[in-house]
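Colleague: sequence and predicted structure are below.
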Amino acid sequence: MKSVLLAPFAFVAAAASLSAQARSASTASPPGQSYIVAPDGNEARYRVREQLAGFDLPKDAIGATKDVKGRIVIGPDGKVVKDGSKVSIDLASLKSDQARRDNFLRRATLETSKYPQAELVPVALEGLLLPIAPGSSQTFSVRGDLTVHGATHPTIWQVTARAEGNGIVGSATTAFTFKDFGLEQPKVPVVLSVADTIRLEYDFHFVPDTAK
């Protein structure tokens, strides 16, 4: 008899709980934003100081590719969603002003037949205030896990970005050593020396992912 008398009260309590959940859902934070690498406006480059035989002064060896793909997802709290964010660079398509250098890097240093891509997984955006106002730019840092040659190493990228149309454009740079990723410094007769520091530069163009 006691359980029968309490049944109406249990129903009222359940209805109140469901109502509270509905109100909570209606006031929840808005969904995050997802950006993908645009079809144009993207170029990744390496820059390494080298001294060539027959030249008095050192120069920068620069190789570049426009074959960049990926996305960055930012949650409603303004933080990057690591599990949904990754940018990939096709290392086999890197080209410099010397085909001999390119072939050597693909074959001996980067071993692109085994490790064809470099992958960056953003972990944190530091100093970025969203949204970026149209016509303005921001300078901030991105901490990310970079994978090259099968090795993953934490990196810090210095970024300058601005709003352009419905997208975001800008540049990002970082630096690391050959040893950080287990890479062997190039040693060929025409190259007297190669600096241990590799600088990566990325000119980017991201647009909203309208498919999401």
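Modeller: Thanks, I have it.
Colleague: can you give me the strands in the protein?
Modeller: Listed in chain order, the strands of the chain (DSSP state E) span 33-37, 43-52, 59-65, 68-74, 86-90, 117-126, 137-148, 151-164, 167-177, 191-194, 197-208.
Colleague: mind giving me the packing neighbours of the fourth one?
Modeller: The one in question is strand 68-74. In this structure, strand 68-74 packs against strand 33-37, strand 86-90, strand 117-126, strand 197-208, with contacts taken as 3 or more CB pairs under 8 Å, 6 or more residues apart in numbering; DSSP states H and E. All C-beta spots, glycine's among them, are computed from the backbone N, C-alpha and C.
Colleague: redo those as a markdown table? Include distance to residue 133, mean pLDDT and mean neighbour count.
Modeller: What follows is those, written out as a markdown table (distance: least, CB to CB, whole Å; pLDDT from 0 to 100; neighbours: other CB atoms under 10 Å):
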| stretch | distance to residue 133 | mean pLDDT | mean neighbour count |
| --- | --- | --- | --- |
| strand 33-37 | 15 | 95 | 18 |
| strand 86-90 | 24 | 98 | 20 |
| strand 117-126 | 17 | 97 | 18 |
| strand 197-208 | 16 | 96 | 18 |
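Colleague: so which of the ones you listed comes closest to residue 62?
Modeller: Judged by CB to CB, the one of the helices and strands packed on strand 68-74 that comes nearest to residue 62 is strand 197-208, at 8.8 Å.
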